[in-house]
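Q: sequence and computational prediction follow.
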Amino acid sequence: MTLHNTKTVIYSLPIMVILLVGILVACANDEPIVSTKPLLVIQVATLVPSPEKMITLPPSRVLPTSIPTKVPPTEIPSQPKFGISARSSVPSTIASKAMDIALSHGDRYAWTTSGDDSLRVAVITVGDGAPLAEWVFAVAAPFATVTDHTTMEDVMMGWRTGSSPVGTLVVDQSTSAMFTSIWGSPSPAVQIVEDEMLLDSLWANRPSWTLIPFDELVPELKVLKVDGQSPIDRHFDAETYPISVPIGISGDESAV
């Protein structure tokens with residue numbers, strides 16, 4: 001069987017099958033194949049589908065890459081530089097307000113009740129230190145009291161003996177502690193009661209009177225003039241009023 005090198009590309013599949021069958025039959029008969037025409041050599045072409053039959057696949061979906069959230073650095077609170085304290089003689093009302101200031105500005109201040117070497121401490125005092133405020137007290141008695149006035153001399157008499165022409169002196173513990181730092185210890189005859197029991201004790205011990213911060217006055221009490229002055233007067237002068245207690249501050253110079 002003689003093969004020639006002429007190549008013919010066949011694109012029809014049935015024709016290719018017929019040719020293959022004929023060749024195989026001839027070989028089986030062991031007869032030489034004599035051909036006056038060039039032998040066809042089969043070359044299989046790649047079948048390309050027509051454009052109208054092509055299936056267009058949807059584009060693949062690319063999931064967005066998540067952007068990592070930036071975590072802000074943890075803020076370390078700054079340590080307070082100054083300490084605030086109050087002596088026991090300072091009225092609880094003032095001490096509480098000073099404590100509130102310290103707590104609301106914790107980055108600068110810290111409320112302290114004892115010495116702290118890491119802080120520059122400012123101490124609120126009564127009667128000394130750099131002037132901070134004037135704490136006005138009133139002389140008051142139960143509203144049914146007849147008299148309208150007293151003198152500073154009678155006030156000091158009541159502190160030293162427990163009574164004055166107005167009656168028995170009754171004070172709460174906060175007031176007692178503050179005036180003790182200025183006037184010295186009161187007479188044992190002075191009635192010192194719990195802060196919340198002051199009003200009831202005054203009415204129970206009539207005739208009586210008390211020393212009370214101006215901002216703590218209540219309708220059940222009557223304010224008496226002292227040497228002709230009263231904190232409720234329209235032209236009240238705190239500088240000449242005899243029971244204006246100076247509140248000061250002392251301690252580290254950089255903290256005061």
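A: Here it is on my side, so go on. All values derive from a computational prediction rather than experimental measurement.
Q: same question for stretch 206-217, mean pLDDT?
A: On average, the pLDDT along stretch 206-217 is 95.
Q: now that stretch: buried residues?
A: 207-214, 216 (16 or more other Cβ atoms under 10 Å). C-beta here means a position set from N, CA and C on the backbone, and glycine is covered the same way.
Q: now swap in stretch 160-176 and tell me
A: Within stretch 160-176, judged by 16+ other Cβ under 10 Å, the buried ones are 162-164, 166-172, 174-176.
Q: cool, and stretch 182-201?
A: Buried positions in stretch 182-201, judged by neighbour count with 16+ other Cβ under 10 Å: 186, 190-193, 198-199, 201.
Q: how about stretch 221-240?
A: The neighbour-count check on stretch 221-240 (16+ other Cβ under 10 Å) flags 221-226, 229-231 as buried.
Q: stretch 112-120: end-to-end distance?
A: Its first and final residues considered, stretch 112-120 spans 11 Å by Cα to Cα, to the nearest Å.
Q: just the mean pLDDT for that stretch, thanks.
A: 66.
Q: just the helices in this protein please.
A: In the chain, helices defined by DSSP state H lie at 13-28, 92-104, 152-161, 173-183, 198-204, listed in chain order.
Q: reformat those as TSV; add distance to residue 240.
A: Formatted as TSV, the helices of the chain follow (distance: least, Cβ to Cβ, whole Å):
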stretch	distance to residue 240
helix 13-28	128
helix 92-104	23
helix 152-161	11
helix 173-183	17
helix 198-204	27
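Q: ok, now which ones touch the nearest residue to residue 242 once chain neighbours are set aside?
A: Distances taken as Cβ to Cβ, 6 or more residues apart in numbering place residue 152 nearest to residue 242, at 4.4 Å, with adjacent residues excluded. Contact partners of residue 152, counting by Cβ atoms under 8 Å, 6 or more residues apart in numbering, are 226-227, 242-243.
Q: ok, now residue 163?
A: 157, 169, 189.
Q: among the residues you listed, which one sits closest to residue 237?
A: Nearest to residue 237 among the contacts of residue 163 is residue 157, at 24.1 Å by Cβ to Cβ.
Q: how much space separates the closest one from residue 177?
A: 21 Å (Cβ to Cβ, to the nearest Å).
Q: before we move on, what about residue 250?
A: Applying Cβ to Cβ to residue 250 and residue 177 gives a distance of 18 Å.
Q: so residue 162 sits right up against residue 168, yeah?
A: Yes. With contacts counted by Cβ atoms under 8 Å, residue 162 reaches residue 168, the gap being 6.7 Å.
Q: quick check: neighbours shared by these two?
A: Common neighbours of residue 162 and residue 168, using Cβ under 8 Å, 6+ apart, are residue 191.
Q: mind pulling up the pLDDT for residue 32?
A: 48.
Q: swap in residue 159?
A: For residue 159, pLDDT reads 98.
Q: what about it, how many neighbours?
A: Look at residue 159: counted by other Cβ atoms under 10 Å, it has 21 neighbours.
Q: for residue 153, same thing?
A: Residues contacting residue 153 under the criterion other Cβ under 10 Å number 11.
Q: hmm, back to that, of the contacts of residue 163, closest to residue 143?
A: Of all these, residue 143 sits closest to residue 169, with 17.6 Å by Cβ to Cβ.
Q: who's in contact with the closest residue to that closest one other than its chain neighbours?
A: The shortest distance from residue 169 to any non-neighbouring residue, by Cβ to Cβ, 6+ apart, is to residue 158 (4.0 Å). Residue 158 sits next to 164, 166, 169, 190, 209 when contact means Cβ under 8 Å, 6+ apart.
Q: cool, residue 141 as well?
A: 147, 166-167, 202, 207-210, 221-222, 224.
Q: how close does it get to residue 151?
A: 14 Å.
Q: so where is the stretch 51-200 of the chain shaky, pLDDT-wise?
A: 51-80, 114-119 (pLDDT under 70).
Q: cool, thanks, talk later.
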